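*Asks:* Just a sequence and a predicted model for now, questions to come.
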Amino acid sequence: MAESFDIVVVGAGHAGCEAALACARMGRKTLLITMNLDALALMPCNPSIGGTAKGHLVREVDALGGEMGRAIDDVFIQSRMLNTGKGTAVHSLRAQADKRAYQMRMRRAVDDCPNLDLRQAEVERIEVENGCVTGVRTTTGARIGCRAAVIACGVYLNSRIIIGECAWNGGPQGLMAASALTRNLIDLGFSIRRFKTGTPARVDGRTVDFARMEPQRGDDPVVPFSFLTDPAGLRNRAMCYLTYTTPETHRIILDNLDRAPMYSGSIHGTGARYCPSIEDKVVRFRDKDRHPIFLEPEGLHTNEWYVQGMSTSMPEDVQRRIYASVPGLERAKLLRLAYAIEYDCIDPLALNAALGARHIAGLYLAGQVNGTSGYEEAAAQGLYAGVNAALHAAGEPPLLLSRADGYIGVLVDDLVTKGVDEPYRMMTSRAEYRLLLRQDNADLRLTERGYRAGLASRERYEKMLRKRDAAERARTALERSRLTDRLRQEGASYRSLRAAHPELPALDPDAEEQVEIGARYEGYIARQAAAVREFQRLEDTPLPADADYLSLSGLRIEARQKLDRQRPKSLGQASRIPGVSPGDISVLIIWLKSRAARSAAHDAGAPCGQPR
């Protein structure tokens with residue numbers, strides 16, 4: 001080995017950057033390897049961070065000590081809070097990014113981070129000895145030693161670009177594919193599947209007739225993503241626009257379906273159900289005469305605009321006709337064609353609850369290589385895998401988040417317990433306890449966990465404590481003054497209530513928000529807290545590692561096979577495995593009680609099975 005690090009992170013997308021920064025900030029000597037330094041933190045698809053449920057993930061990454069929230073706060077050009085017409089549990093922040101500025105901002109964070117080295121190379125092999133990671137090897141023959149590795153190679157594994165009848169091996173935005181690592185992952189025992197995603201064309205904003213579109217303004221005041229960002233001075237600097245497809249758009253698509261790779265058979269990867277191409281939307285929803293299309297700027301210093309909702313892999317001539325059929329885009333010049341991309345990823349059932357490989361100590365995987373989609377899902381996994389790789393390298397137990405702890409816990413549990421058969425996208429409906437897992441309280445839920453792990457800064461931790469303590473003092477004062485019910489009245493706010501009752505303590509806006517939500521949703525919060533306690537009871541009921549599920553009578557055959565393959569750690573995890581029914585869980589509960597009774601009888605000296 002020419003050199004050695006505590007941790008090597010492979011891939012410098014959103015997962016890789018968060019993983020490497022987490023490892024380095026926790027004091028581990030870290031190397032971040034990417035095939036192209038200019039593509040670090042690239043946004044190859046939509047120019048935004050956040051969105052429904054995704055905003056929750058960004059807030060949680062920030063609360064734990066990650067970088068994405070602070071980076072987007074520094075470079076956003078428009079910000080909006082989504083779902084404000086619904087309950088507070090599903091409010092989600094979304095910000096348009098200046099894509100180049102975001103890359104530069106994240107590159108600066110990587111360059112300035114102590115303990116973190118950056119290098120351009122392609123990793124072709126993970127070195128494993130006696131079931132443990134010992135290093136990585138590059139395509140140029142360099143061997144780099146490490147105690148842990150995080151694989152975060154995005155959509156580049158054997159990636160293939162498809163535009164109509166034309167296809168070639170390559171990554172997003174004209175970058176190279178990673179052609180060597182898939183074979184190594186197979187040799188290491190991972191099951192590989194083929195997924196597909198896509199992106200719309202980029203148009204020249206100077207050729208767009210924005211007067212034919214509906215303006216989409218940002219919010220004022222602007223709410224930041226990071227709990228450390230001062231909102232004063234944040235402002236929107238760009239406008240987005242809304243238009244719609246037309247019956248002519250749909251006619252062009254339907255007349256050319258035989259040339260669509262999605263339908264001609266030239267695409268074999270599984271696409272994301274929740275982010276379909278425009279041709280897929282037209283086919284699946286033939287009763288709709290139009291679909292919304294959003295025009296979003298790629299940055300302040302470019303004429304490129306992103307056409308949200310028009311992802312396609314149609315041939316170039318068909319693409320040009322499709323785009324020209326949309327109001328406002330009749331004369332738009334296409335700067336970059338839309339395309340589909342197929343790529344390899346692993347079956348995440350091979351991972352444990354720390355995003356580590358079940359069969360290889362010190363190997364962690366994060367991001368789209370695990371079958372997910374989206375920058376935010378990638379960043380959340382990257383930070384989580386990075387923290388646990390750093391803890392592993394130090395010989396410390398992992399940081400584990402459950403479904404009751406955060407959206408990150410839901411994401412990881414879904415991946416490693418349920419698996420994926422299409423690119424996974426986070427949604428608020430996936431979180432059973434979403435009223436407790438709001439984006440506004442991510443710091444109260446997670447910052448102490450990040451601080452104890454050695455990632456979140458003392459500044460961040462102390463700010464969280466001040467917010468928590470201030471909100472608690474206000475709640476006590478409200479109860480003492482018997483004013484809590486007043487706060488539940490429609491239109492009431494803590495600030496207006498304090499104006500009439502100056503004896504109430506003054507609060508910062510973030511603490512006011514906690515007090516108001518706590519008062520208005522008190523009954524619902526109490527019910528979800530009770531549900532969490534029942535959830536925790538099942539999570540705290542361990543299943544023996546040596547359980548012989550295949551011979552356990554009473555279980556259905558499918559349940560036996562699934563349990564034997566995935567080896568769940570607890571009853572709770574077993575209950576979430578597809579194919580394991582409530583009846584199977586009842587069988588496991590009876591079996592555990594019987595096992596415990598036999599063990600107690602044995603410990604008491606009585607013959608096995610004899611009452612004490």
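*Replies:* That came through fine.

*Asks:* Check Ala604 and give its pLDDT.
*Replies:* For Ala604, the model assigns a pLDDT of 73.

*Asks:* Roughly how far does it sit from Arg498?
*Replies:* 63 Å (Cβ to Cβ, to the nearest Å). Backbone N, C-alpha and C define where each C-beta goes, glycine included.

*Asks:* got it, and Tyr339?
*Replies:* Taken as Cβ to Cβ, the span from Tyr339 to Arg498 is 55 Å.

*Asks:* who has more neighbours, the two?
*Replies:* Higher neighbour count among Tyr339 and Arg498: Tyr339, with 25 against 19, using other Cβ atoms under 10 Å.

*Asks:* those helices in the stretch 301-450 of the chain, which residues are they?
*Replies:* 316-324, 375-393, 407-413, 442-453 (DSSP state H, counting those that start in this stretch).

*Asks:* Now the third one - C-alpha only, PDB.
*Replies:* Below are the C-alpha coordinates for helix 407-413, written out as PDB (Å, rounded to 0.1, in the frame of the first residue of the first chain):
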ATOM      1  CA  TYR A 407     -37.200  10.500   7.900                       C
ATOM      2  CA  ILE A 408     -33.600   9.300   7.600                       C
ATOM      3  CA  GLY A 409     -34.600   6.300   9.800                       C
ATOM      4  CA  VAL A 410     -37.700   5.700   7.600                       C
ATOM      5  CA  LEU A 411     -35.500   5.800   4.500                       C
ATOM      6  CA  VAL A 412     -32.900   3.400   5.800                       C
ATOM      7  CA  ASP A 413     -35.400   1.000   7.300                       C
END
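
*Asks:* what comes up buried for that helix?
*Replies:* Under the neighbour-count criterion of 16 or more other Cβ atoms under 10 Å, helix 407-413 has 407-413 buried.

*Asks:* For that helix, name the packing helices and strands.
*Replies:* Here helix 407-413 touches helix 54-64, helix 375-393, going by 3 or more Cβ pairs under 8 Å, 6 or more residues apart in numbering; DSSP states H and E.

*Asks:* Show me the contact partners of that helix.
*Replies:* Residues external to helix 407-413 that are found in contact with it (Cβ atoms under 8 Å, 6 or more residues apart in numbering): 53, 56-57, 60-61, 64, 353, 355, 372, 377, 380-381, 383-384, 401-403, 424, 426, 430-431, 437, 573, 576.

*Asks:* from the middle of its chain, how far away would that helix be?
*Replies:* 8 Å (Cα atoms, centre = their mean, to the nearest Å).

*Asks:* Now do that helix, average pLDDT.
*Replies:* Computed over helix 407-413, the mean pLDDT rounds to 98.

*Asks:* what's the closest of the buried residues of helix 407-413 to Ile126?
*Replies:* Taking Cβ to Cβ as the measure, Val412 is the one of these closest to Ile126, at 21.1 Å.

*Asks:* residues near the nearest residue to Tyr274 once chain neighbours are set aside, how many?
*Replies:* Closest residue in space to Tyr274, ignoring its immediate chain neighbours: Arg425 at 4.8 Å, by Cβ to Cβ, 6 or more residues apart in numbering. Using other Cβ under 10 Å, Arg425 has 19 neighbouring residues.

*Asks:* repeat for the one 3 residues further on
*Replies:* The local packing of Thr428 (other Cβ under 10 Å) involves 22 other residues.

*Asks:* thinking it is in contact with Gly55, fair?
*Replies:* No. The pair Thr428 and Gly55 does not pass the contact test of Cβ atoms under 8 Å, sitting 9.9 Å apart.

*Asks:* joint contacts of those two?
*Replies:* Ser92.

*Asks:* right, and Gly205 touches Tyr306 too?
*Replies:* No. Gly205 lies out of contact with Tyr306 (Cβ under 8 Å); the separation is 10.3 Å.

*Asks:* For the stretch 101-250 of the chain, give me the ranges with low pLDDT.
*Replies:* Within the stretch 101-250 of the chain, no stretch has pLDDT under 70.

*Asks:* SS state for Pro215?
*Replies:* Put simply, Pro215 is strand when judged by DSSP: H, G, I helix; E, B strand; the rest coil.

*Asks:* In contact with it, which residues?
*Replies:* When contacts are counted by Cβ under 8 Å, 6+ apart, Pro215 touches 239-242.

*Asks:* please redo it, this time with the cut-off set to 6 Å
*Replies:* By Cβ atoms under 6 Å, 6 or more residues apart in numbering, the residues touching Pro215 are Met239.

*Asks:* Please report the distance of it from Ser92.
*Replies:* Counting by Cβ to Cβ, the gap from Pro215 to Ser92 is 21 Å.

*Asks:* one step back: among the helices of the stretch 301-450 of the chain, show me which one is buried the most.
*Replies:* Ranked by mean neighbour count, the helices of the stretch 301-450 of the chain are led by helix 375-393 with a mean of 30 (mean count of other Cβ atoms under 10 Å).
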